[in-house]
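Participant: please find the sequence and the predicted model below.
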Amino acid sequence: YAEIAEMQSRYNADKVFLTPSMREDREKEIAAKENKARLLQQQYFGTDGFRGKAGEVLTAEHAFRTGRFLGWDYANRHASGTARIVIGKDTRRSSYMYESALAAGITSSGADAYLLHVTTTPCVSFITRTENFDCGVMISASHNPYWDNGIKLMNGVGEKMDDALQDELEAYIDGDPNSIPWAVEDKIGRTIDFYSGRNRYIGYLTSIATRSFGDRKVALDCSNGSAWMIGRAVFDALGAKTYVINDKPDGVNVNLRCGSTHIEGLQQYVRENKLDVGFAFDGDADRCLAVDELGNVVNGDQIMYICAKHMKANGQLPSNTVVTTIMSNFGLYKAFDRIGIAYEKTAVGDRYVYENMKANDHMLGGEQSGHIIFRKFAHTGDGLITAIMLMGVLIDTQLPLSVLAAEVKMYPQVLKNVKVDDKDGTLADETVKAAVEKCTAALGDGGRVLLRKSGTEPVLRVMSEAGTTELCERMVDAIIAAMDTSGHLIEVKK
């Protein structure tokens, strides 16, 4: 999954140079890699739920059995009363199929299914924890194309589901469907329309803003996804002059040349309409990237820096630490060093970021992709909260976003995938280790190198960040040359 994240990151960097057909090919390649990773791991629920091609990797039967298990498990935990499970979905055509299958499974096991209908992943998390649901389910494949879908599970406090329970669920999915009893008579659960829950979430979002947005001209790219109604409702309520694009979902256009993975459309829109700022969300609105008034992209690393600096100045960063992943840009760390903010690095994935934040009581963390967690307000990445928090900084400082973001110099990055005979053996090879140490010393405090293994293929990732792309290339190639000298290199993959 780390490899997939890197593929997505490279694609985001390259896509401005690609034709629409080339972009679609790259998206299919990433989706195929996700499906392959799932099969290789022989499991359904990974770090971000059960995800795959709808009707092929993820079927309605999978959703029904998931509902059956959750309904049965949580119903058994209630000495009296009925278990309550809340379900949200994004705008994919297949989401409606999975919603029906989940609800049928839940109710047939004796629990009640509450339907939020089309909403965001963070909305499901919020409603689960504030309305005392036993668990929450979100139907979405996030930034993936429409033909994929996914099932994300959350515990009773709106956090990602425990691995142990997901392991039991997987065993049931592959086991005897009749091992769980069927509810009968008045024990059969109910399916309840819970549209009002989405309105409560909208009210919550408007309540956390500390300032009116004062007629600021704000563009929202809703990616034809979950934020298509919520985004405008929130920003209008907060006083912005709201301009919304890609808010006409038809079931097959989610993330289609729009949203946070295709932000070039928003860049052009902000420039042409002379707007103050733009925000781009993905299919389930758990991530957010920004565009400044000049039309430049402001990524998750830059957003974390801007918000962390402002939080520190206002006494809202008690641990003086921001949690990042190992893929955050070297320039972010240099910027944090300059203003005296500490940082931690986790594996790729917002789940690992949140676990670190919770364990160490940190209040801010996230990823360059725009998954940013403000722990005071949410237990998951929330694109709309991220936009609200960044708007607060713009209004408090009275500075344009381009000026705030300019404090983070994003370093050029080169990453190559190298097929080797033995990943662990190559990492332990003295010649390779010496090359890494030499490159690290040569870069000093002007860059970094990173060598790590893929979890799904016999390849190592060789990455460098430095002042110029040419220097990055030299560092990466020096490490690859050491692999060749030591006899481990098979090929450098394209």
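Facilitator: Yep, it's here. Numbering: from 1, shown residues only.

Participant: going forward, measure contacts between C-alpha atoms and count neighbours the same way
Facilitator: Noted.

Participant: OK, contacts around the closest residue to residue 405 other than its chain neighbours?
Facilitator: Spatially, and ignoring its direct neighbours in sequence, residue 405 is nearest to residue 302 (5.9 Å; C-alpha to C-alpha, 6 or more residues apart in numbering). Contact partners of residue 302, counting by C-alpha atoms under 8 Å, 6 or more residues apart in numbering, are 332, 368, 405, 408.

Participant: list the contacts of the third one.
Facilitator: With C-alpha under 8 Å, 6+ apart as the criterion, the residues that contact residue 405 are 298, 302-303, 306.

Participant: filter the residues you listed to the buried ones?
Facilitator: Those of the contacts of residue 405 that meet the buried threshold are 298, 302-303, 306, by 16 or more other C-alpha atoms under 10 Å.

Participant: out of those, give me the two with the largest separation.
Facilitator: Of all pairs drawn from the buried ones among the contacts of residue 405, the greatest distance, 10.2 Å, lies between 298 and 306 (C-alpha to C-alpha).

Participant: sorry, back to before: go through the contacts of residue 302 and flag which are in helices.
Facilitator: The members of the contacts of residue 302 that map onto helices under DSSP state H are 332, 405.

Participant: I'd like the contacts of residue 302 laid out as TSV, including distance to residue 221 and pLDDT.
Facilitator: Formatted as TSV, these follow (distance: C-alpha to C-alpha, whole Å; pLDDT from 0 to 100):
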residue	distance to residue 221	pLDDT
332	25	96
368	18	93
405	20	98
408	24	97
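
Participant: let me know the closest of the contacts of residue 302 to residue 14.
Facilitator: For those, the nearest to residue 14 is residue 368 (15.7 Å; C-alpha to C-alpha).

Participant: what's around the closest one, how many residues?
Facilitator: 24 (other C-alpha atoms under 10 Å).

Participant: also residue 256?
Facilitator: 20.

Participant: just checking, it touches residue 145?
Facilitator: Yes. The pair residue 256 and residue 145 passes the contact test of C-alpha atoms under 8 Å, sitting 6.9 Å apart.

Participant: low-scoring pLDDT stretches of this protein, where are they?
Facilitator: Applying pLDDT under 70 to the chain flags the ranges 1-2, 35-42, 455-457.

Participant: residue most distant from the centroid, it?
Facilitator: Most distant residue from the mean C-alpha position of the chain: residue 185, 41.7 Å away (C-alpha atoms, centre = their mean).

Participant: ok, the residue nearest the centre of the chain - contacts?
Facilitator: Geometric centre of the chain, nearest residue: residue 371, 4.6 Å, by C-alpha atoms, centre = their mean. Residue 371 is in contact with 286-288, 300, 350, 381-383, counting by C-alpha under 8 Å, 6+ apart.

Participant: just want the phi and psi numbers for it.
Facilitator: For residue 371, the backbone dihedrals (degrees, to the nearest 10) come out as phi -70, psi 100.

Participant: and stretch 275-283, C-alpha only, in PDB?
Facilitator: Only the C-alpha atoms of stretch 275-283 are listed here, as PDB (Å, rounded to 0.1, in the frame of the first residue of the first chain):
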ATOM      1  CA  LEU A 275     -10.900  34.200  -6.500                       C
ATOM      2  CA  ASP A 276      -9.200  34.400  -3.100                       C
ATOM      3  CA  VAL A 277      -8.700  30.600  -2.600                       C
ATOM      4  CA  GLY A 278      -9.800  27.200  -3.800                       C
ATOM      5  CA  PHE A 279     -10.300  23.900  -2.100                       C
ATOM      6  CA  ALA A 280     -10.300  20.500  -3.800                       C
ATOM      7  CA  PHE A 281     -11.700  17.400  -2.200                       C
ATOM      8  CA  ASP A 282     -11.700  13.700  -3.200                       C
ATOM      9  CA  GLY A 283     -14.600  11.300  -3.600                       C
END
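
Participant: what comes up buried for it?
Facilitator: Neighbour counts over stretch 275-283 (16+ other C-alpha under 10 Å) mark 275-283 as buried.

Participant: contacts for that stretch, please.
Facilitator: Applying C-alpha under 8 Å, 6+ apart, the contact partners of stretch 275-283 are 90-91, 140-144, 216-227, 254-255, 259-261, 263, 266-267, 270, 287-293, 383, 387, 400-401.

Participant: inside strands: which ones of these?
Facilitator: Members of those lying in strands (criterion: DSSP state E): 217-221, 288-291.

Participant: and those as JSON lines, adding distance to residue 231?
Facilitator: Formatted as JSON lines, those follow (distance: C-alpha to C-alpha, whole Å):
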{"residue": "217", "distance to residue 231": "14"}
{"residue": "218", "distance to residue 231": "11"}
{"residue": "219", "distance to residue 231": "10"}
{"residue": "220", "distance to residue 231": "7"}
{"residue": "221", "distance to residue 231": "9"}
{"residue": "288", "distance to residue 231": "12"}
{"residue": "289", "distance to residue 231": "14"}
{"residue": "290", "distance to residue 231": "14"}
{"residue": "291", "distance to residue 231": "16"}
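
Participant: how much space between residue 284 and residue 295?
Facilitator: From residue 284 across to residue 295, the span is 24 Å (C-alpha to C-alpha, to the nearest Å).
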